[in-house]
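K.L.:
Give me the fold of what follows.
(2 chains)
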Amino acid sequence: QSVLTQPPSVSAAPGQKVTISCSGSSSNIENNYVSWYHQLPGTAPKLLIYDNNKRPSGIPDRFSGSKSGPSATLAITGLQTGDEADYYCGTWDTSLSVWVFGGGTKLTVL
Amino acid sequence: EVQLVESGGGLVQPGRSLRLSCTTSGFTFSDSVMNWVRQAPGKGLEWLGFIRRKAHGGTTEYAASVRGRFTISRDDSKSIAYLQMNSLKTEDTAAYFCTRVQWGEATVGATNAWFDPWGQGTQVTVSS
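P.N.:
Okay, the predicted model is just below:
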């Protein structure tokens, strides 16, 4: 059972928009900063969003992050088949003094 | 180019030990916090721990699941981070990734950190 809760899977058609939620608490998301990672099949995870809503160079602006209270959201617009991957949120948990990941969400582009 | 390359994985019997290495290049290793994450087959990401830079004491933090069995260390002269794994269990079977921890500005009391980049991972299989 992950400290951060993500939906196991989401799906949408090419060109559509999808959102992935990441629900936590006051000891993690609400009072720390969230990052998101994506993992294409058979590859290592890569940073997608940091500092709640910033994109590393090379990540298109179709990807955006937001945070409100104890929850964070990753939005992907203009879905492409190449976006099919597993997506993870992560942050520091101040009470546990550990880093925590969400359980991951598998995105299927129909 | 920033690179992290893990090595040292393989097949090991339960109860035995294994040491993984994370060889880095392209950035100032001694100024960096280094981190380990694993992923069991078909499962999500699990944070294992990190080691601070020597300027901050070179101290470590660990996940409860591995505290006391796993030890992270660093050799700044070689730009290598290590993960020493003792008393291995079948449930330690996973791909092991090293990452660099990066930090940003944060409000008072908050932690603003992220993991970038990641190595390609090394597979550890614990089985008799």
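K.L.:
can you point me to the longest strand in the chain?
P.N.:
I'll assume chain A. When chain A is scanned for its longest strand (criterion: DSSP state E), the result is strand A:85-93.
K.L.:
right idea, wrong chain: chain B
P.N.:
In chain B, with assignment by DSSP E, the single longest strand is strand B:94-103.
K.L.:
Chain B against chain A: which residues are in contact?
P.N.:
Taking C-beta under 8 Å from any C-beta of the partner chain as the contact definition, chain B meets chain A at B:35, B:37, B:44-47, B:50, B:61, B:63-64, B:97, B:102, B:104, B:106, B:109-121. Any C-beta I mention is one placed from the backbone N, CA and C, and that applies to glycine too.
K.L.:
Just to check, A:Gly104 is in contact with A:Leu74?
P.N.:
No - with contact defined as C-beta atoms under 8 Å, A:Gly104 does not count as touching A:Leu74 (11.8 Å).
K.L.:
where do the contact lists of those two overlap?
P.N.:
Residues within reach of A:Gly104 and of A:Leu74 at once, by C-beta atoms under 8 Å, 6 or more residues apart in numbering or on different chains, are A:Tyr87.
K.L.:
Stretch A:27-35 vs chain B: in contact?
P.N.:
Yes - for stretch A:27-35 and chain B, the contact criterion (C-beta under 8 Å from any C-beta) is met by A:Asn31, A:Asn32, A:Tyr33, A:Ser35.
K.L.:
likewise stretch A:63-83?
P.N.:
No - remark: stretch A:63-83 sits outside contact range of chain B, by C-beta under 8 Å from any C-beta, the gap being at least 11.1 Å.
K.L.:
quick one: buried residues of that stretch?
P.N.:
Neighbour counts using 16 or more other C-beta atoms under 10 Å in any protein chain shown place A:Phe63, A:Ser64, A:Gly65, A:Lys67, A:Pro70, A:Ser71, A:Ala72, A:Thr73, A:Leu74, A:Ile76, A:Leu79, A:Asp83 of stretch A:63-83 among the buried residues.
K.L.:
Also stretch B:31-44?
P.N.:
Neighbour counts over stretch B:31-44 (16+ other C-beta under 10 Å) mark B:Ser32, B:Val33, B:Met34, B:Asn35, B:Trp36, B:Val37, B:Arg38, B:Gln39, B:Gly44 as buried.
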